[in-house]
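Engineer: Quick one, structure for this:
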Amino acid sequence: MLPSVLRCACPISTTLAFTRPLAHFRPHMAPDPNRPVEGAIRTKLTQQLEPEHLEVHNESHMHAVPPGSESHFRVLVVSPRFNGLSLLQRHRLVNETLAEELKSCVHALAIQAKTPLQWGSNPSIAKSPPCMGGSKGDHTVEEKLKAGRD
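Structural biologist: Purely as a prediction, here's the structure:
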């Protein structure tokens with residue numbers, strides 16, 4: 001699994017200015033070297049979409065994956081680049097920006113893509129439902145996880 005995570009990592013040299021901080025949101029700090037996928041997602045979305053507000057949440061802990069995994073994410077992107085675009089077009093922009101991660105190490109990506117006007121009228125992020133445990137009934141999960149680590 002580690003080689004696939006390293007393929008997703010890229011250097012991070014970006015800081016973000018947030019226009020509407022949230023109480024539960026910690027400001028962007030120096031990237032955590034233990035979270036290379038999350039860092040790559042932040043960097044790419046920042047560089048490509050120039051967001052006014054960005055949140056990247058690693059939701060892997062909510063799923064049947066090994067501790068410390070970076071495979072399930074939820075992003076909130078508020079960008080003027082979304083003005084005049086349909087929701088589908090906004091999601092396509094995010095997916096195109098993160099194409100490499102989606103091909104290799106990110107299994108699931110929930111996207112909220114809002115214009116600054118939409119964010120101003122409803123500054124909230126959706127919550128993911130709990131994992132339905134699809135892999136719990138799969139007796140080969142342990143083998144698959146072991147194979148992913150090799």
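
Engineer: How about the contacts made by A110?
Structural biologist: By C-beta atoms under 8 Å, 6 or more residues apart in numbering, the contact set of A110 is E59, F73, R74, V75, A126, S128. C-betas here are computed from N, CA, C, even on glycine.

Engineer: Tell me the strands beside the helix or strand containing it, with direction?
Structural biologist: A110 belongs to strand 108-114 when elements are defined using DSSP states H and E. Using DSSP bridges, strand 108-114 pairs in its sheet with strand 72-78 (parallel).

Engineer: Could you export the partner strand as PDB, keeping only the C-alpha atoms?
Structural biologist: Extracted in PDB, the C-alpha atoms of strand 72-78 (Å, rounded to 0.1, in the frame of the first residue of the first chain):
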ATOM      1  CA  HIS A  72     -12.000   8.000   1.800                       C
ATOM      2  CA  PHE A  73     -12.300  11.900   1.700                       C
ATOM      3  CA  ARG A  74     -14.900  14.600   1.800                       C
ATOM      4  CA  VAL A  75     -14.000  18.000   0.300                       C
ATOM      5  CA  LEU A  76     -15.700  21.300   0.500                       C
ATOM      6  CA  VAL A  77     -14.500  23.700  -2.200                       C
ATOM      7  CA  VAL A  78     -15.800  27.300  -2.400                       C
END
